[in-house]
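Q: Have a look at this prediction, sequence included:
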Amino acid sequence: MQITSTALSLTVDDTAASAAFLAKHFGFEEVAAADGFVSLAREGAPNVIFLKRGTEVLPEGFRDERAAGVIVAFTVDDLPAAYEHLRAEGVSITMELRVEPWGERLFQVTDPNGVTVQLVDWVTPA
């Protein structure tokens, strides 16, 4: 089997709000949309799909669930610059910039539907 592409599919209440957040702040572009569905793409990142909660394409037992406990993580080449850029755009930083003991440097923001977006780079552990 050869995997030819990757997509994350997240269930939210307002697909347009989450799509606009990724487009404005992370450079994603809408590639497809229909009632209750938006697909976004960006070079170098997996596609991100937002499905409206309750839509029939979701398995019956999960239709009313929201994306929860999920972190969409993007590794970036200049994390401090990304942090300052998002802060300057007025994006609420929901986890401040920090360095983990294993060398991961990160911060988190949250989209209008509560989806956590984490930006990461790697530093040499102390």
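A: Sure, I can see it.
Q: Can you show me the strands along the protein?
A: In the chain, the strands defined using DSSP state E lie at 7-12, 29-34, 37-41, 47-52, 71-75, 93-99, 104-110, 116-122.
Q: Looking at those strands, spot the one closest to A81.
A: strand 116-122 (10.4 Å; C-beta to C-beta). Yep, even glycine has a C-beta here, placed from its N, CA and C like the rest.
Q: just checking, what packs against the longest helix along the chain?
A: Once the chain is assigned using DSSP state H, the helix that runs over the most residues is helix 15-26. Contacts defined by 3 or more C-beta pairs under 8 Å, 6 or more residues apart in numbering; DSSP states H and E place helix 15-26 against strand 29-34, strand 37-41, strand 47-52.
Q: quick one: it to strand 7-12, angle?
A: Between helix 15-26 and strand 7-12, the angle comes out at 130 degrees (axes from the mean of the first three to the mean of the last three C-alpha atoms, to 10 degrees).
Q: how deep is the nearest residue to R42 once chain neighbours are set aside tucked in, by neighbour count?
A: Leaving aside its sequence neighbours, R42 sits nearest to F28 (C-beta to C-beta, 6 or more residues apart in numbering; 4.5 Å). Residues near F28, counting by other C-beta atoms under 10 Å, number 21.
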